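> sharing a model that was predicted from the sequence below.
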Amino acid sequence: MLILTLLVGESVAQQPKFLPLQPHKLQWAEQVLKEAKAKKDSLMLAEAYYLFGKTYDGSGDYFTAKRYFMQSLRILEPRGDSEELVRLYTRLAGLGFKFYNYADVLRYVQLSLAVAQRVRSDKALLRAYSLMRALHDADWSQMPGQINKNLPKPNYDSVLYYLKKIEPLARRSSDPIELAMINHYLGYELRRRNDPKAIVYVEEKLQIFVKQKKLGDQVKALVDLADTYIQFGQLQRAKELLTKAEQLHRTLPTNDQEVQAIFEGTYTHYYQAIGDWKQAFEHQQRAFDLERNRYLADREGAVSRLSVEYETEKKEAQLKSQQKELALNAENLKNERRFLVTALVLLLLAVGASVAFYRLYRQNQRISRRNVELVREQNHRVKNNLQVVSSLLNLQSNRLADEAAKQAVEESQSRIETMAILHRRLYDSDQLVGVYLNEFVEEVTERVLQSFGYSDVQPEYDIPPLAMEADHALRVGLIINELATNACKYAFPDNDAPAFRIACTQKGSYLTLTVADNGSGFVYSPKSVKTFGMRLIEMQVEQLEGTYEFQSEGNGAVFWMKFKV
């Protein structure tokens, strides 16, 4: 369910509850895998790997889960945008939360949102916006075991922004529990702002659980609503709801310590509000005791689970070792048979000239395939090397005290990341020596906006899906990187509604590129040309054998360039 996506942000703050590894789900995934291999259906194969990953994720075996998810990703990504790809990015981002890996979470959240916006599916957008909410709700600077003050702190304005994005999607959804959870989070965020509108959302959540006849959730919703009324001074109504919640709780077959702790905490708030400090202290002490008991139970369960995982991994390692040995013996036997058959064939057909030509033809085919692999590997290695250089520049930037030097290093890092994006696309695509201009420009632009904290800006694109060779694409990408960086630095600050537009038109063999923002404008002068960024733009246009011009309109700056492809 998508609710799991909404809960991923909270998973970094508390110990998750694991399910035992469920054999029937593994059997179902195995059945799908066998059927996919029999039918040679790559989509079904990707689904089988996803089912394996989902099952292991639920049991707490995150490393195995990620291995299966990555196998599914290698099949789905080359096939293009889809709801299944968004679902997979969501799972991988969830694992990033559990590993406390901000870089992984940010990457998969951005990919998920980009694909969801392109497929225009409510379900996909709900997943992506939920991830963005969780990303901004987490305090990455205080993660367990790796406190890093350079990482972002919670941004509750962004949390509320994405919850407002999610709300209409949830209301159109056929799942009432989905809407109930959105109401829960909206109520919580509004309570954080001391906004009485929180009552409306919490009451709607309660009514949904009443209609669905979920008694346990009704109890929690009643207590939550009572706590909300306490916050806004409606103490009589809060007392009535608490009494009703207790009566309903007594009818339930189990006595959940978590729910009891919620009761005690809310009663603490109630008695504090009416000034009965003795009762407030007693309820607070009981709440503390219940939380301590839950913590001890979770710790004992975690120790037991780790012991089971260790033994399981040990047995799996032994089994894999035996399987590798059997596979090696089988391969040796096959190699011996191949050698005998090849020797016999060569002996019988050595006199035939046709065999020689046939072998040359096959050899040329292998060389062609190898060349393709070498080009792909070259792009992959260049991309990796550029990412290493970018990481080194990032480390260096963190050590610089001079702001001008630090800015120069960060801008160089941005340009190198543009090159890395190009080589990654060359590696991932089937063209090897070219990329689609629209996808490349959009990724470069959104990376720059994200790096400056303008991820909520939605650029306007009007770019045809034109295949462009790598050297032209790189120069266009560097120009876009500079212009987007300038917009973030000079046009967007103190701008209530920042906007950015990129358009490209083709007429014959010429392309016209237009980039505009809605800042205060730009005065082009010989002095501005001396800046490194402007000089870089001028050099790239010269390499493209094109012409360019800057124009300053009343509501922003416009860059215009024309070149031949």
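Thanks, I have the structure now.
> how is this structure divided into domains?
1-171, 356-432, 444-565 (automatic domain parsing).
> quick one: closest of those to residue 335.
domain 356-432 (18.2 Å; CB to CB). Just so you know, the C-beta spots here come from the backbone N, C-alpha and C atoms, and that holds for glycine as well.
> any idea of the mean pLDDT in that closest one?
Domain 356-432 carries an average pLDDT of 65.
> what of stretch 500-513?
The model assigns stretch 500-513 a mean pLDDT of 92.
> let's have the chain start at 30 instead
Done: numbering now begins at 30, and the last item shifts to stretch 529-542.
> and the residue nearest to residue 521 when sequence neighbours are not counted, what is it in contact with?
Distances taken as CB to CB, 6 or more residues apart in numbering put residue 527 closest to residue 521, at 4.0 Å, once the chain neighbours are dropped. For residue 527, the contacting residues are 483, 486, 516, 520, 521, 546, 547, 548, by CB atoms under 8 Å, 6 or more residues apart in numbering.
> and residue 202, what is it in contact with?
151, 152, 155, 208.
> er, residue 253 actually
213, 216, 231, 234, 235, 291.
> measure it to residue 580 for me?
Using CB to CB, to the nearest Å, residue 253 is found at 56 Å from residue 580.
> now residue 447
Per CB to CB, residue 447 is found 24 Å from residue 580.
> okay, the two: which has more neighbours?
Between residue 447 and residue 580, residue 447 has the larger neighbour count (other CB atoms under 10 Å), namely 24 against 14.
> I'd say that one and residue 507 touch.
Yes - using CB atoms under 8 Å, residue 447 makes contact with residue 507 at a distance of 5.9 Å.
> got the CA coordinates for stretch 58-75 in CSV?
C-alpha atoms of stretch 58-75 as CSV (Å, rounded to 0.1, in the frame of the first residue of the first chain):
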residue,chain,number,x,y,z
ALA,A,58,7.7,-14.8,-6.1
GLU,A,59,9.5,-18.0,-7.1
GLN,A,60,6.5,-19.1,-9.1
VAL,A,61,6.3,-15.7,-10.9
LEU,A,62,10.1,-16.0,-11.6
LYS,A,63,9.8,-19.4,-13.2
GLU,A,64,6.8,-18.3,-15.3
ALA,A,65,8.8,-15.2,-16.5
LYS,A,66,11.8,-17.3,-17.5
ALA,A,67,9.6,-19.8,-19.3
LYS,A,68,7.8,-17.1,-21.2
LYS,A,69,10.9,-15.0,-21.6
ASP,A,70,8.9,-12.0,-20.3
SER,A,71,11.2,-9.3,-19.0
LEU,A,72,8.4,-7.3,-17.3
MET,A,73,7.3,-10.4,-15.4
LEU,A,74,10.9,-11.1,-14.4
ALA,A,75,11.2,-7.5,-13.1
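> other residues contacting it?
76, 77, 78, 80, 81, 84, 100, 101, 104, 105, 108, 113.
> show me which of these are buried.
Among those, those classed as buried by 16 or more other CB atoms under 10 Å are 76, 77, 78, 80, 81, 84, 100, 101, 104, 105, 113.
> hang on, the earlier thing: can you redo the contacts of residue 527 as a markdown table with distance to residue 62, pLDDT and secondary structure?
Formatted as a markdown table, these follow (distance: CB to CB, whole Å; pLDDT from 0 to 100; DSSP: H, G, I helix; E, B strand; the rest coil):
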| residue | distance to residue 62 | pLDDT | secondary structure |
| --- | --- | --- | --- |
| 483 | 43 | 88 | coil |
| 486 | 43 | 88 | coil |
| 516 | 48 | 87 | helix |
| 520 | 52 | 84 | helix |
| 521 | 49 | 87 | coil |
| 546 | 50 | 90 | strand |
| 547 | 52 | 87 | coil |
| 548 | 54 | 82 | coil |
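> can you put those residues in CSV and add neighbour count and distance to residue 355?
Formatted as CSV, the contacts of residue 527 follow (neighbours: other CB atoms under 10 Å; distance: CB to CB, whole Å):
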residue, neighbour count, distance to residue 355
483, 20, 56
486, 20, 57
516, 29, 60
520, 23, 64
521, 21, 61
546, 28, 63
547, 19, 66
548, 22, 67
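> give me the mean pLDDT for the helix or strand harbouring residue 316.
Per DSSP states H and E, residue 316 falls inside helix 306-378. For helix 306-378, mean pLDDT rounds to 71.
> same check, this time on stretch 280-288
Mean predicted confidence for stretch 280-288 is 78.
> so for it, what gets flagged as buried?
Residues residue 288 are the ones in stretch 280-288 that count as buried (16+ other CB under 10 Å).
> chain center to it: distance?
Distance, stretch centre to chain centre, for stretch 280-288: 36 Å (CA atoms, centre = their mean, to the nearest Å).
> mind listing residues that contact that stretch?
Residues contacting stretch 280-288 (CB under 8 Å, 6+ apart): 244, 245, 248, 249, 252, 278, 319, 322, 323.
> which residue ranges of the stretch 430-579 of the chain form helices?
432-457, 466-480, 499-515, 555-558, 561-572 (DSSP state H, counting those that start in this stretch).
> export those to JSON lines and tack on distance to residue 182?
Compiled in JSON lines, the helices of the stretch 430-579 of the chain are given as follows (distance: least, CB to CB, whole Å):
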{"stretch": "helix 432-457", "distance to residue 182": "20"}
{"stretch": "helix 466-480", "distance to residue 182": "17"}
{"stretch": "helix 499-515", "distance to residue 182": "24"}
{"stretch": "helix 555-558", "distance to residue 182": "36"}
{"stretch": "helix 561-572", "distance to residue 182": "30"}
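> just the buried positions in stretch 207-223, please.
Using 16+ other CB under 10 Å as the test for burial, stretch 207-223 gives 207-220.
> ugh, typo on my part, it should be stretch 221-238
Buried residues in stretch 221-238 (16+ other CB under 10 Å): 227, 228, 230, 231, 232, 233, 234, 235, 237, 238.
> which one of those residues is nearest to residue 270?
residue 235 (8.9 Å).
> name the SS class of the residue lying farthest from the centre of the chain, please.
Taking CA atoms, centre = their mean, the residue of the chain most remote from its mean C-alpha position is residue 380, at 61.2 Å. Secondary structure for residue 380, judged by DSSP: H, G, I helix; E, B strand; the rest coil, is coil.
> pop out the phi and psi values for it.
Reported as degrees, to the nearest 10, the phi and psi values for residue 380 are phi -80, psi -10.
> what is the burial count for residue 387?
12.
> whoops, residue 321 was the one
11.
> how much space between it and residue 308?
Applying CB to CB to residue 321 and residue 308 gives a distance of 21 Å.
> what does residue 148 give?
55 Å.
> all strands of the protein, in order?
463-465, 489-491, 496-498, 529-536, 539-546, 576-582, 585-593 (DSSP state E).
> distance to residue 164 for those strands - can I get that in TSV?
Listed next are the strands of the chain as TSV, based on distance: least, CB to CB, whole Å:
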stretch	distance to residue 164
strand 463-465	28
strand 489-491	24
strand 496-498	32
strand 529-536	22
strand 539-546	26
strand 576-582	35
strand 585-593	30
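> among those, which comes closest to residue 298?
strand 529-536 (46.1 Å).
> what's the burial count for the nearest residue to residue 164 once chain neighbours are set aside?
Leaving aside its sequence neighbours, residue 164 sits nearest to residue 138 (CB to CB, 6+ apart; 5.3 Å). Per other CB under 10 Å, the neighbour tally for residue 138 reads 26.
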